[in-house]
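Engineer: build me a model:
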Amino acid sequence: MVRAVEFRPFERQGPYERLRDGLRAYRLITAMWIRSTMAYRASFAMTAFGNFAATALDFVAILLMFSRVDRLGGYSLPEVALLYGVSGTAFGFADLALGSMDRLGRRVRDGTLDTLLVRPAPVLAQVAADRFALRRLGRITQGLLVLGYALVVLDIHWTPLKVLIVPVMLLSGAAIFSAVFVAGGAFQFVAQDASEVQNSFTYGGNTLLQYPPTVFAKDMLRGVTFVLPLAFVNWLPALYVLGRPYPIDLPQWVAFAPPVVAALCCALAGLAWRAGLRAYRSTGS
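Structural biologist: The predicted structure follows:
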């Protein structure tokens, strides 16, 4: 049986060359899928609107809760909308870029991943760009609208640091969610068709972050801070913007740590991906 790594001569390239080739392959594949999507523009418009409406139902559920209560876990509707908007937008960017990773387990199981291994392009770029779904822009649009509503309604004493931290939250949050997508894909090399396990950390993590941290147990908060650092997507930096205390005892400077946490998560996800890909042995048939 031939090891999968033997099919990939570009693995001997340096980090810069691999990144350059990966981005180029990703750009070409996504451009192909975008051209295919835009050939049927009415269909694209309807599916994008459907994606927008389906994700909007999550915020409708929050609105229904606030129709019965004034505060949720001590947070007002605009404050929850800020958490929701940041999490939804950051996740939307990651889902747009890497949402196809959940198909990897199916490819491992039926052996179609082998066709990607013999192509002169990084496998990660090919898997991430496979069936690129432009309709996922609906999720990003919906998250940005809720975020815009929160920023307009909230009475925040803006400082240069608070203004800067909003785009940093979105970019770092997207990177953290992207790392979770890649790590979940690496797990599927071992578990094969385990997309639902991956979704519990990606889509489930997004749903978790849409609500105030005060409604969850302290052990849960420690888990999403120190084990799977999803709290750095929106909770910790957003609480600094809102001027609220952290749900667990942490220094104030952790609000500025999301870029560092995102870089660390991406590095660890990259190592996990390489380990999973090197261990791949095809279907054995």
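Engineer: can you give me the mean pLDDT across the top helix by length along the chain?
Structural biologist: Among the elements of the chain assigned as helix by DSSP state H, the one spanning the most residues is helix 160-191. In this model, helix 160-191 carries a mean pLDDT of 93.
Engineer: next SSE after it?
Structural biologist: For helix 160-191, the following helix or strand on the C-terminal side (DSSP states H and E) is helix 195-209.
Engineer: the very next helix or strand once past that following helix: which residues count as buried?
Structural biologist: Next along the chain after helix 195-209, taking DSSP H and E as the criterion, comes helix 218-222. Using 16 or more other Cβ atoms under 10 Å as the test for burial, helix 218-222 gives L221. Quick note: C-beta positions are derived from backbone N, CA and C, even for glycine.
Engineer: so where's the stretch 151-285 of the chain shaky on pLDDT?
Structural biologist: Low-confidence regions of the stretch 151-285 of the chain, defined by pLDDT under 70, span residues 193, 283-285.
Engineer: angle of the longest helix of the chain against helix 195-209?
Structural biologist: Angle of helix 160-191 versus helix 195-209, following axes from the mean of the first three to the mean of the last three Cα atoms, to 10 degrees, is 160 degrees.
Engineer: so which bits of helix 160-191 are buried?
Structural biologist: Within helix 160-191, the residues scored as buried using 16+ other Cβ under 10 Å are 162, 165-166, 168-170, 172-189.
Engineer: distance from stretch 163-172 to the middle of the chain?
Structural biologist: For stretch 163-172, the separation from the chain centroid amounts to 15 Å (computed by Cα atoms, centre = their mean, to the nearest Å).
Engineer: contacting residues around that stretch?
Structural biologist: Applying Cβ atoms under 8 Å, 6 or more residues apart in numbering, the contact partners of stretch 163-172 are 86, 89-90, 93, 151, 232-234, 237-238, 240-241, 255-256, 258-259, 261-262.
Engineer: export that stretch as CSV, just CAs?
Structural biologist: These are the backbone C-alpha positions of stretch 163-172, laid out as CSV (Å, rounded to 0.1, in the frame of the first residue of the first chain):
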residue,chain,number,x,y,z
VAL,A,163,-13.2,51.1,17.8
LEU,A,164,-10.2,49.0,16.8
ILE,A,165,-11.4,45.9,18.6
VAL,A,166,-14.6,45.5,16.6
PRO,A,167,-12.9,44.7,13.2
VAL,A,168,-10.3,42.7,15.1
MET,A,169,-13.0,40.6,16.7
LEU,A,170,-14.5,39.8,13.3
LEU,A,171,-11.1,38.9,11.7
SER,A,172,-9.8,36.9,14.6
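Engineer: if I look at the most centrally placed residue in the chain, how far off is I140?
Structural biologist: Compute the mean C-alpha point of the chain, and by Cα atoms, centre = their mean the closest residue is F177, 2.8 Å away. Going from F177 to I140 by Cβ to Cβ, to the nearest Å gives 12 Å.
Engineer: same check on V168?
Structural biologist: 17 Å.
Engineer: can you check R106 too?
Structural biologist: R106 sits 26 Å away from I140, taking Cβ to Cβ as the criterion.
Engineer: over to R18?
Structural biologist: From R18 over to I140 the distance is 28 Å, taken as Cβ to Cβ.
Engineer: comparing the two, which shows the higher neighbour count?
Structural biologist: The residue with more neighbours, out of R18 and I140, is I140; 22 against 16, by other Cβ atoms under 10 Å.
Engineer: where do the helices of the protein begin and end?
Structural biologist: Assigned by DSSP H, the helices in the chain fall at 15-38, 41-66, 77-98, 104-110, 113-117, 123-129, 137-153, 160-191, 195-209, 218-222, 235-242, 258-278.
Engineer: coming back round to it: so how do I select the buried members of the contacts of stretch 163-172 in ChimeraX?
Structural biologist: Those of the contacts of stretch 163-172 that count as buried under 16+ other Cβ under 10 Å are selected in ChimeraX with:
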select :86,89,90,93,151,232,233,234,237,238,240,241,255,258,261,262
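Engineer: which residues does the closest residue in space to I248 that isn't next to it in sequence contact?
Structural biologist: Sequence neighbours aside, L221 is the residue nearest to I248 in space, at 5.4 Å (criterion: Cβ to Cβ, 6 or more residues apart in numbering). Contact analysis of L221 by Cβ under 8 Å, 6+ apart lists 213, 231, 247-248.
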